[in-house]
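Enquirer: Give me a model of this one.
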Amino acid sequence: MIRADYEVREGKIKGISVSGDFFCFPRTGIRKLENRLEDQPPEKVDTLLNAFYSEDQVETPGITSRIGFRSQL
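Expert: Okay, here's the model as predicted:
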(Lines give C-alpha, C1' and ligand atoms only; values in the text may rest on other atoms or scores of the structure.)
Protein backbone atom coordinates (compact mmCIF):
# COMPACT_ATOMS: atom_id res chain seq x y z
CA MET A 1 0.00 0.00 0.00
CA ILE A 2 1.19 3.48 -0.85
CA ARG A 3 -0.27 6.57 0.72
CA ALA A 4 0.14 10.15 -0.45
CA ASP A 5 -0.96 12.87 1.94
CA TYR A 6 -1.26 16.34 0.45
CA GLU A 7 -3.48 19.36 0.05
CA VAL A 8 -4.59 21.04 -3.13
CA ARG A 9 -4.41 24.81 -2.85
CA GLU A 10 -5.03 27.14 -5.77
CA GLY A 11 -5.05 24.11 -8.08
CA LYS A 12 -1.62 22.80 -7.04
CA ILE A 13 -0.37 19.95 -4.85
CA LYS A 14 1.05 21.27 -1.57
CA GLY A 15 2.80 19.56 1.36
CA ILE A 16 2.96 16.11 -0.21
CA SER A 17 4.22 13.18 1.84
CA VAL A 18 4.47 9.68 0.32
CA SER A 19 4.60 6.71 2.70
CA GLY A 20 3.62 3.07 2.91
CA ASP A 21 4.76 -0.53 2.97
CA PHE A 22 7.14 -0.67 0.01
CA PHE A 23 10.82 -0.51 -0.91
CA CYS A 24 12.41 2.22 -3.02
CA PHE A 25 15.88 2.10 -4.56
CA PRO A 26 17.67 4.40 -4.09
CA ARG A 27 16.15 5.31 -0.74
CA THR A 28 16.19 8.99 -1.69
CA GLY A 29 13.80 8.24 -4.55
CA ILE A 30 10.66 9.03 -2.56
CA ARG A 31 11.96 12.51 -1.70
CA LYS A 32 12.68 13.04 -5.41
CA LEU A 33 9.12 12.00 -6.22
CA GLU A 34 7.67 14.32 -3.59
CA ASN A 35 9.74 17.19 -4.99
CA ARG A 36 8.58 16.41 -8.52
CA LEU A 37 4.90 16.43 -7.49
CA GLU A 38 5.03 19.50 -5.23
CA ASP A 39 3.41 22.62 -6.75
CA GLN A 40 2.02 20.65 -9.72
CA PRO A 41 -1.65 20.34 -10.71
CA PRO A 42 -3.20 17.02 -9.55
CA GLU A 43 -4.35 16.18 -13.08
CA LYS A 44 -0.67 15.89 -14.14
CA VAL A 45 0.13 13.14 -11.61
CA ASP A 46 0.00 10.30 -14.18
CA THR A 47 2.35 12.13 -16.55
CA LEU A 48 4.72 13.12 -13.73
CA LEU A 49 4.87 9.55 -12.38
CA ASN A 50 5.69 8.13 -15.80
CA ALA A 51 8.43 10.73 -16.28
CA PHE A 52 9.78 10.06 -12.79
CA TYR A 53 10.20 6.33 -13.42
CA SER A 54 11.68 6.76 -16.89
CA GLU A 55 14.06 9.64 -16.08
CA ASP A 56 15.14 9.27 -12.44
CA GLN A 57 16.26 5.60 -12.44
CA VAL A 58 14.21 4.78 -9.36
CA GLU A 59 12.90 1.29 -8.65
CA THR A 60 9.97 0.31 -6.46
CA PRO A 61 9.78 -3.50 -6.77
CA GLY A 62 6.24 -4.72 -7.36
CA ILE A 63 4.90 -1.22 -8.03
CA THR A 64 4.26 0.28 -11.44
CA SER A 65 3.62 3.87 -12.47
CA ARG A 66 0.00 3.13 -13.40
CA ILE A 67 -2.24 4.57 -10.74
CA GLY A 68 -5.86 4.91 -9.95
CA PHE A 69 -6.00 8.49 -8.78
CA ARG A 70 -8.43 8.78 -5.89
CA SER A 71 -8.92 11.85 -3.84
CA GLN A 72 -10.66 11.87 -0.48
CA LEU A 73 -12.18 15.14 0.62
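
Enquirer: ok, now how distant is Ile13 from Arg31?
Expert: For Ile13, the distance to Arg31 equals 15 Å [Cβ to Cβ, to the nearest Å]. For glycine as for every other residue, the C-beta is placed from the backbone atoms N, C-alpha and C.

Enquirer: Any idea which residue is closest to the centre of the protein?
Expert: Leu33 (5.2 Å; Cα atoms, centre = their mean).

Enquirer: from memory Cys24 sits against Lys32, does it?
Expert: No: counting by Cβ atoms under 8 Å, Cys24 does not reach Lys32; the two are 9.4 Å apart.

Enquirer: And Ile13 and Arg31? Which one has more around it.
Expert: Just comparing Ile13 and Arg31: by other Cβ atoms under 10 Å the higher neighbour count belongs to Ile13, 20 against 12.

Enquirer: which residues are in contact with the helix or strand where that one lies?
Expert: In the assignment (DSSP states H and E), Ile13 maps to strand 12-20. Residues outside strand 12-20 that contact it (Cβ atoms under 8 Å, 6 or more residues apart in numbering): 1-8, 30, 33-34, 37-42, 45.

Enquirer: which of those are buried?
Expert: Ala4, Tyr6, Ile30, Leu33, Glu34, Leu37, Gln40, Val45 (16 or more other Cβ atoms under 10 Å).

Enquirer: so which of these comes closest to Phe52?
Expert: Among those, Leu33 lies closest to Phe52 (Cβ to Cβ), at 5.6 Å.

Enquirer: Can you tell me how far that closest one is from Phe22?
Expert: 12 Å.

Enquirer: Next up, phi/psi of Leu33, please.
Expert: Leu33 adopts backbone torsions of phi -60, psi -50, taken as degrees, to the nearest 10.
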